[in-house]
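**Q** Give me the fold of what follows.
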Amino acid sequence: MTVEKDKTVIQPPKTILRVLHLTFNMGIGGTEQVIRQLVQGMESEGVESEILCMDGQIGSIGETLEKSGIPVHKLARKQGFDRSLIKAIRKRVKEGQFDVVHCHQYTPWIYGWLASLGTQAKVVFTEHGRFYPDRYRYKAMFVNPIMAMLTPAVVAISGATREALTRYEFIPKRKVRVIYNGIAPLCRSEFESKKIRNELGIPEKAFVVGTVSRLDPVKNQQMMLRAFRAFSEVHPDSYLLMVGDGPDKAMLMALAEKLGIDGRTIFTGFINKPEHHLSAMDVFLLSSHTEGTSMTLLEAMSLGIPAIATRVGGNPEIVVDGITGILTDSGCAADFSNAMSRFAENKQLCEDFSKASSKVFTEKFTQKRMIQSYIMVYDGSELLSTP
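**A** This is a model prediction of the structure:
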């Protein structure tokens, strides 16, 4: 008796949409991480994606995606208003027969909107965050309402970002849809987190607060260092772990030395996959002057790490104050320090906030939820405005 082998062939998902993501570049940053999550997560949903970088550089995330088979293109934007860039984008839109041009940030929206005029492509604009301090641009008062009216979908990554688009960009509030950033959850490894602590010279029972962030003025890490100094005077067995790089690194290291906390403040530099460094923290810190939807804050939540964050931008929409973390005013180092003490002195509080963080993450901030929301925007199966 012979048994016939199963000849069933698993067919790849049928392509339902072709999407071109238009952005500045695909270096290291929150916007780039969102694009990566969308591109990789939508493959199984039948969405073919390509990325077009405007500023002449693909960047490290772009290079990684390119190696995985995702087409990543680059153009070199000239100074001033570059009309030739519009023509180059339009050429790619037509050649690629894209259904959607997804423009990430304001300037790519301008170029993508103009380049897509007269093509079959539907334009989607996502605002990922705002400059600090925000300001009015009165030219926008005349241009943006027209562009928004002729753009099928405008998306903000938080309610605060939506309010900023309405206030500073004169885009009608009813036009802007809020879609929170989402990520694939990280996996905690106690073995790896202990290994990281050991490698960094952190004692096993030390209380560790930390951040994963670009070391940049907008992140307000000077306040974080001053708050940690006050906290560590009462809790000398504590450490501050700062994962990241940026223009403020040398200044922050000098400030740590000046404050006398350099022995317990660890600057790791940029870490490509920081999940084990995050897992080594008892509490995650975010001291920014402004935020949209912080990707590293979501990563910490996915690992069940409670957070102390400033009450700015989208942070209050992510951190449930008194449930998953503690919110403080952005300029108050004393409140930030006191919040650290509350966690250090109450182990049960840490455990309760940890469970709540994981629960809220699963309910609101997963990659799957974000992808489903964007697909509904792409194919028009959901109303594109919110009340």
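
**Q** first to last residue in stretch 233-252, what's the distance?
**A** From its first residue to its last, stretch 233-252 covers 19 Å (C-alpha to C-alpha, to the nearest Å).

**Q** Quick check: buried residues in that stretch?
**A** Across stretch 233-252, burial judged by 16 or more other C-beta atoms under 10 Å covers 235, 238-246, 248-249, 252. Glycine gets a C-beta too; all of them are placed from N, C-alpha and C.

**Q** Measure how far that stretch is from the centre of its chain, please.
**A** Its chain's C-alpha centre and that of stretch 233-252 lie 21 Å apart, by C-alpha atoms, centre = their mean, to the nearest Å.

**Q** which strands and helices sit next to the worst-scoring helix or strand of the chain on mean pLDDT?
**A** Ranking every helix and strand in the chain by mean pLDDT, DSSP states H and E puts helix 138-149 at the bottom, with a mean of 87. Using 3 or more C-beta pairs under 8 Å, 6 or more residues apart in numbering; DSSP states H and E, the elements in contact with helix 138-149 are helix 106-116, helix 159-169.

**Q** quick one: the last one to helix 106-116, angle?
**A** Right, the one you point to is helix 159-169. 70 degrees (axes from the mean of the first three to the mean of the last three C-alpha atoms, to 10 degrees).

**Q** Buried residues of stretch 173-187, list them for me.
**A** Across stretch 173-187, burial judged by 16+ other C-beta under 10 Å covers 175, 176, 177, 178, 179, 180, 181, 182, 183, 185, 186.

**Q** what about the first one, distance to residue 141?
**A** The reference is to residue 175. For residue 175, the distance to residue 141 (C-beta to C-beta, to the nearest Å) stands at 15 Å.

**Q** does residue 240 belong to a helix or a strand, and which?
**A** Residue 240 is located in strand 238-243, with elements delineated by DSSP states H and E.

**Q** residue boundaries of the helices in the stretch 201-350 of the chain?
**A** With helices called from DSSP state H, counting those that start in this stretch, the stretch 201-350 of the chain shows them at 221-234, 249-259, 275-279, 295-302, 315-318, 333-344, 347-364.

**Q** Can I get the ones you listed in TSV including mean pLDDT?
**A** Shown next, in TSV, are these (pLDDT from 0 to 100):
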stretch	mean pLDDT
helix 221-234	98
helix 249-259	98
helix 275-279	96
helix 295-302	95
helix 315-318	95
helix 333-344	98
helix 347-364	96
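
**Q** Serialize the ones you listed to CSV and add fields for distance to residue 201.
**A** As requested, those are arranged in CSV below (distance: least, C-beta to C-beta, whole Å):
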stretch, distance to residue 201
helix 221-234, 16
helix 249-259, 15
helix 275-279, 14
helix 295-302, 22
helix 315-318, 31
helix 333-344, 20
helix 347-364, 23
